[in-house]
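Asker: Any chance you can model this:
(chains A, B, C and D)
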Protein chains: 2
Amino acid sequence: MLLAPREGALHVLVDKPLRGSAHLPWVSPRGGETLPTSARLLARRTAGAEPGWMEQLQAFGDQLKHPGSASVSVAYVGVISAPAADGRTARGAAWVPVAHAGLAGRHAAILESALDTMRVRLDHAPVAFKLLPPTFTLSELQRMYELLLGWTLHKASFRRSLQAAYLVEPTDEWRSEGRGRPAQLYRFAPRKRRQSRRGVRFDVLGH
Amino acid sequence: MLLAPREGALHVLVDKPLRGSAHLPWVSPRGGETLPTSARLLARRTAGAEPGWMEQLQAFGDQLKHPGSASVSVAYVGVISAPAADGRTARGAAWVPVAHAGLAGRHAAILESALDTMRVRLDHAPVAFKLLPPTFTLSELQRMYELLLGWTLHKASFRRSLQAAYLVEPTDEWRSEGRGRPAQLYRFAPRKRRQSRRGVRFDVLGH
DNA sequence: GCAATTAGTAGCCAACTGAAACTAAAGTCA
DNA sequence: TGACTTTAGTTTCAGTTGGCTACTAATTGC
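Answerer: Predicted coordinates:
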């Protein structure tokens, strides 16, 4: 499943057949390919670009047909940066906003769970950074996070925790975007720091 | 991969062949079984009991042999409560402490990653509660968390966040364990509450 | 009665977080 | 030129969280 931030909304790449409902792109891997390679090839073929970040989601066991020969689908999520996603997509494939994906029941559930997983991974992998150019303004970074998360963040808090984590460093360049004060450009430059052992977060054990 | 808290330490169930190094139990599913069913059957066969909690970890693509026929291994983690794990294990299978599992390189890496994943899920699924009897003392609950996490927690903080999350409710029973003050028994009774939208946790984006 | 042991609570302090209000630097337009 | 708008970035404050120490409570063993 491929996601891309386009025109201020998160989009998902779907296959729209001439008749029948939309579904997610899939492929049956050829011999000699590893799973991640297959997924990347599928991305390149359907979206015309390689994802900036990609991770395995889950394996689904379809009906197993013969003893010993299991039929398993392995789902991946990938995210493609906006400019790369503007390349040409495969015939029949189209970017649609995740809010109006119009997928059938099962595929809609996969999409929901994929979004949840991607949002959790956002805390652990530099997904947002891979979707931005090498240097970016902090407002761009925040807008990217908000787009991926689907909700808004507070500017001061966002910058404070970013500062505290030593993830970015300022360059000496500034960018003027027309109106408003020019913004300083930053680059992703994480510095190692010891991970503190947190307690248990009972509050997210939601039901 | 099956885990169980036994004698104050987290144990993992390994297959110990007569010669060669230990490895994790595995199975090639029969026709007509779904993936979770296969995993539960494997658990019952090797550990003699069903896990109280089980989730899919990851799929590994081994070398794909023929076009169209992919060979994929799907890894699961499960956790079995202490009494259930004391049943009879399959021939050649044995519970060993995770700290001294003595697995070969690739399997050792899988174990490490499985533990990490399980510890993250601990915040999101009632893993610890499924490993305890229906009623339990708060000290038992804390010890279970510490055992699964592998580090100690602070009593007061633990109880405070547990209280704030409305996850347990007190019964009117008390248990005396020999020496010391008797402990009140609690039961797992999560009450719904709206999930607040947290900001971004840059601090866990470790490298 | 008194020490030892385990359960449970109170309160302090530092760190974190959300919100609002502020300053700063640019463009727009009369 | 100078008020107004827009975006960037900082400061401050108050409320919450989380780790820690120190306390009280109830039981057994001697």
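Asker: What part of chain A, helix or strand, is modelled with the least confidence?
Answerer: Scoring the helices and strands of chain A by mean pLDDT, DSSP states H and E places helix A:82-85 at the bottom, with a mean of 82.
Asker: tell me what that one is packed against?
Answerer: For helix A:82-85, the packing partners by 3 or more Cβ pairs under 8 Å, 6 or more residues apart in numbering or on different chains; DSSP states H and E come out as strand A:2-6. Yep, even glycine has a C-beta here, placed from its N, CA and C like the rest.
Asker: Okay, now the sheet partners of the strand it packs on, with direction.
Answerer: Taking DSSP bridges as the criterion, strand A:2-6 sits next to strand A:9-15 (antiparallel), strand A:72-79 (parallel) in its sheet.
Asker: And the first one, how far out from the chain middle?
Answerer: Same thing as strand A:9-15. Here the centre of mass of C-alpha atoms in strand A:9-15, compared against the chain's by Cα atoms, centre = their mean, to the nearest Å, lies 11 Å away.
Asker: Can you pull out the residues in contact with it?
Answerer: Strand A:9-15 is contacted by residues A:1-5, A:22-25, A:46-47, A:85, A:89, A:92-99, A:101, A:103, A:111, A:147-148, A:150 when judged by Cβ atoms under 8 Å, 6 or more residues apart in numbering or on different chains.
Asker: Please check those residues and keep the buried ones.
Answerer: Neighbour counting with 16 or more other Cβ atoms under 10 Å in any protein chain shown marks A:1-5, A:22, A:24-25, A:46-47, A:85, A:89, A:93, A:95-96, A:98, A:101, A:103, A:111, A:147-148 as buried within the contacts of strand A:9-15.
Asker: neighbouring contacts of the helix or strand just after the least confident helix or strand of chain A?
Answerer: Using DSSP states H and E, the helix or strand that follows helix A:82-85 in sequence is strand A:93-97. By Cβ under 8 Å, 6+ apart, the list of residues contacting strand A:93-97 from outside reads A:4, A:6, A:9-16, A:22, A:25, A:46-47, A:85, A:89, A:102.
Asker: how many other residues sit next to A:Gly102?
Answerer: Burial of A:Gly102, expressed as a neighbour count using other Cβ atoms under 10 Å in any protein chain shown, amounts to 12.
Asker: Show the pLDDT at it.
Answerer: The pLDDT attached to A:Gly102 in the predicted structure is 78.
Asker: re the thing from before, could I get the buried residue list for the least confident helix or strand of chain A?
Answerer: When neighbours are counted by 16+ other Cβ under 10 Å, the buried residues of helix A:82-85 are found to be A:82, A:85.
Asker: chain center to that helix, what's the gap?
Answerer: Averaged C-alpha coordinates place helix A:82-85 at 12 Å from its chain's average position (Cα atoms, centre = their mean).
Asker: gap between the spatially closest residue to A:Tyr166 that is not a sequence neighbour and DNA strand C?
Answerer: On the basis of Cβ to Cβ, 6 or more residues apart in numbering or on different chains, the spatially nearest residue to A:Tyr166 that is not a chain neighbour turns out to be A:Arg191, at 4.3 Å. Plainly put, A:Arg191 is 15 Å away from DNA strand C if you go by Cβ to the nearest atom of the strand, to the nearest Å.
Asker: From what I see, A:Arg191 and A:Ala164 are in contact.
Answerer: No - with contact defined as Cβ atoms under 8 Å, A:Arg191 and A:Ala164 do not form a contacting pair (11.6 Å).
Asker: Show me what the closest residue to A:Glu177 other than its chain neighbours bridges to in the sheet.
Answerer: Once flanking residues are discounted, A:Glu177 sits nearest to A:Ala183: 7.1 Å by Cβ to Cβ, 6+ apart. With DSSP bridges as the criterion, the beta-bridge partners of A:Ala183 are A:Arg175.
Asker: okay, now A:Ala183: neighbour count?
Answerer: Residues within reach of A:Ala183, counting by other Cβ under 10 Å, total 16.
Asker: and the one helix or strand A:Leu185 maps to, how far from the chain's centre?
Answerer: Here A:Leu185, judged by DSSP H and E, is contained in strand A:183-188. The gap between the average C-alpha position of strand A:183-188 and the chain average comes to 22 Å, counting by Cα atoms, centre = their mean.
Asker: That one and DNA strand D in contact?
Answerer: Yes - among the residues of strand A:183-188, A:183-184 lie within reach of DNA strand D under Cβ under 7 Å from any atom of the strand.
Asker: Go through that strand and flag the buried ones.
Answerer: Across strand A:183-188, burial judged by 16+ other Cβ under 10 Å covers A:183, A:185-186, A:188.
Asker: Repeat that for stretch A:107-127.
Answerer: Judged by neighbour count (16+ other Cβ under 10 Å), stretch A:107-127 contains these buried residues: A:107, A:110-111, A:114-115, A:117-118, A:121-122, A:126-127.
Asker: And for stretch A:33-48?
Answerer: The neighbour-count check on stretch A:33-48 (16+ other Cβ under 10 Å) flags A:33, A:35, A:38-40, A:42-43, A:46-48 as buried.
Asker: Go through these and flag which are in helices.
Answerer: A:35, A:38-40, A:42-43, A:46-47 (DSSP state H).
Asker: Please report how far the nearest residue to A:Glu140 once chain neighbours are set aside lies from DNA strand D.
Answerer: With Cβ to Cβ, 6+ apart as the measure, A:Leu132 is the residue that lies nearest to A:Glu140, at 6.2 Å, once sequence neighbours are left out. Here A:Leu132 is placed at a distance of 13 Å from DNA strand D (Cβ to the nearest atom of the strand).
Asker: ok so, going back, quick one: which of the ones in helices among the buried residues of stretch A:33-48 is nearest A:Ala59?
Answerer: A:Ala59 lies nearest to A:Leu35 out of these, by Cβ to Cβ, at 9.5 Å.
Asker: which residues sit in contact with the residue nearest to the spatial centre of chain A?
Answerer: Here the mean C-alpha position of chain A is nearest to the C-alpha of A:Val79 (Cα atoms, centre = their mean), at a distance of 3.4 Å. Applying Cβ under 8 Å, 6+ apart, one finds that A:Val79 lies in contact with A:2-5, A:51-54, A:118, A:127, A:130-131, A:148.
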